[in-house]
Structure formats: C-alpha cells, structure tokens
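Engineer: give me a model of this one.
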Amino acid sequence: SAHPFINTECTSAYSEAISRNFFVKSRSGDTQVNWWNSKVGAGHVDFTNLEAFNWFKDRLENLKNDFNIDAFMFYGGESDLQPEDPVLRGGQSLSPSLNTLKYLEVAASFGNSSSVGTGWSTQDYNNWLRMPDFDSRWDESGLKSVIPTLLQLNLNGYGFIQPR
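Structural biologist: From the prediction side, this is the model:
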C-alpha cells in the first residue's frame with residue numbers, strides 16, 4: 001500500500017522532502033501531521049507542488065519496477081489528514097481538496113488495477129474506490145449499509161467499487 005506521509009523516522013526521505021519543501025505547510029509554517037500508523041509524526045507530501053508530485057511518483061515507480069509490484073492501494077489522501085489550514089498551489093477555491101485530487105492523479109497514473117481510499121471529482125479515473133469500513137454485523141453500521149453505499153457511489157459516477 002502507499003500513502004502520502006513520510007514519517008520522521010524515515011530520515012533520508014524525510015530530510016530530502018523537508019529540505020526541498022515537498023510537504024504541505026499550514027499558514028503558520030507547520031508541516032507535522034499525525035496519522036493512524038505513526039507515533040512519531042510525519043509530513044504530508046504536497047502534490048500541488050509539481051516537483052514533489054514527480055518525486056513521489058518516481059519513488060513508487062522504482063518500487064514497482066524493483067519488486068515487480070502489479071498495483072498499489074493508495075490510502076490517506078483525505079484532506080483532513082493534511083496540516084490544518086494548508087497552503088497549496090493552484091485554485092484556492094479548491095483548497096484543501098486540491099491536494100486530494102492531485103494525490104489521486106498519482107494513483108491513476110499506475111493504471112486501473114490500483115485502488116484508492118478516497119475520491120473527489122475523480123469519476124473519470126479508472127481506479128477501484130475502496131468503500132468505508134463496515135462492522136461485521138447486520139445493522140446499519142454493518143452489512144445493511146454495503147448495498148446502499150455501493151448504489152450511492154455508482155450513482156455518483158464511481159463504477160469500480162471495492163467493498164471492505
């Protein structure tokens with residue numbers, strides 16, 4: 001799986017990204033974020049920065065080629081996982097979702113076998129959109145929600161859905 005975060009413990013990649021201004025910054029200049037798989041803090045790649053976009057994509061391309069990876073599962077692109085009040089490049093009317101859109105462009109570049117955990121105006125991308133997690137129960141927080149969620153996502157234009 002792939003995600004847009006670089007933990008501070010990943011010193012070489014983190015140092016390179018921080019020195020090249022590849023992380024999303026808040027208006028106050030903070031780049032630190034916390035995410036579900038990090039206890040030490042991380043930076044969130046700024047995909048609205050074309051250099052950062054290409055750097056991240058190239059790193060995944062190298063992994064794919066070096067290890068014969070067929071597809072990636074892209075997680076963590078939701079805008080609420082960026083620093084609060086982010087400063088992004090591009091149309092401010094699209095902020096903060098613009099970084100999500102650019103992250104999903106990276107995912108789309110790896111072909112239609114990859115899956116994504118979020119979607120925002122990306123109905124024309126041929127990636128699998130992963131449904132939210134549901135409980136293993138028959139109530140509304142569980143299996144009763146799978147079919148209505150699938151239908152709603154299809155009505156919104158997402159044709160390739162991956163239930164969980």
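Engineer: C-alpha only now, for contacts and for neighbours.
Structural biologist: OK.
Engineer: select the longest helix from the chain.
Structural biologist: In the chain, assigned by DSSP state H, the helix with the most residues is helix 50-67.
Engineer: tell me the first helix or strand C-terminal of that one.
Structural biologist: strand 73-74 (DSSP states H and E).
Engineer: the least confident helix or strand in the chain by mean pLDDT pairs with which strands, and in what direction?
Structural biologist: When each helix and strand of the chain is scored by mean pLDDT, DSSP states H and E, strand 86-87 comes last, with a mean of 82. In the sheet, strand 86-87 lines up against strand 25-26 (antiparallel) (DSSP bridges).
Engineer: quick one: contacts for the residue of the chain most remote from its centre?
Structural biologist: Ranking residues of the chain by C-alpha distance from their mean position (CA atoms, centre = their mean) puts residue 138 at the top, at 29.8 Å. By CA atoms under 8 Å, 6 or more residues apart in numbering, the contact list for residue 138 reads residue 144.
Engineer: the one 5 residues further on now?
Structural biologist: Each residue near residue 143 by CA under 8 Å, 6+ apart is listed here: 134-137.
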